[in-house]
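Chemist: Any chance you can model this:
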Amino acid sequence: EVTHGRVAMLAVIGFLAGEAVEGSSFLFDSSISGPAINHLQQVPSGFFTILTLFIGGAELFRALSGWVSPLDSEYEGFGTLRAGYTPGDIGFDPIGLKPDDFEELEIMQTKELQNGRLAMLAAAGFIAQELVDGKGIVEHLTSALA
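Modeler: Predicted coordinates for the structure are as follows:
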């Protein structure tokens, strides 16, 4: 759930940022347009190779960090987590946001889960709205505020 929440939080930012810079971005010669749900199919095909390698590498690292290999002698069955591994904690904290105090860490993890759940709902709502009328989320926001 933590991983899905993190992906959803990035997706919500991607929806808003991708539509907000439409036509003015330096990426892909500013050729990406329309609702965010159609952006990925407009990028050049070489991008998918890079994206697939990046995601595959990240998932492999996470799997090797968190789960016991079936080749290890301590393997007890499918999906056995390594001792001391906390789901979502792969040791990546370059700016030191992870609290040292266990109680503070639990509070932060709860906040992250709650924000991730909200982002999952928001992303689902964005997708549904764009599928219904074909307009982008930013377009909806700006027309509602006008």
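Chemist: what's the lowest-mean-pLDDT helix or strand in the chain packed up against?
Modeler: Ranked by mean pLDDT, DSSP states H and E, the weakest helix or strand in the chain is helix 137-145, scoring a mean of 87. In this structure, helix 137-145 makes packing contacts with helix 2-20, helix 102-133, judged by 3 or more C-beta pairs under 8 Å, 6 or more residues apart in numbering; DSSP states H and E. Where you see a C-beta, it was placed from the backbone N, CA and C, and this is true even at glycine.
Chemist: Turn those helices into TSV, including mean pLDDT, mean neighbour count and distance to Leu51.
Modeler: Output for the helices and strands packed on helix 137-145, formatted as TSV (pLDDT from 0 to 100; neighbours: other C-beta atoms under 10 Å; distance: least, C-beta to C-beta, whole Å):
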stretch	mean pLDDT	mean neighbour count	distance to Leu51
helix 2-20	90	17	13
helix 102-133	94	14	18
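Chemist: So which of the ones you listed is nearest Phe92?
Modeler: Nearest of those to Phe92, taken as C-beta to C-beta: helix 2-20 at 11.1 Å.
Chemist: any idea of the angle that closest one forms with helix 102-133?
Modeler: Going by axes from the mean of the first three to the mean of the last three C-alpha atoms, to 10 degrees, helix 2-20 is angled at 50 degrees with respect to helix 102-133.
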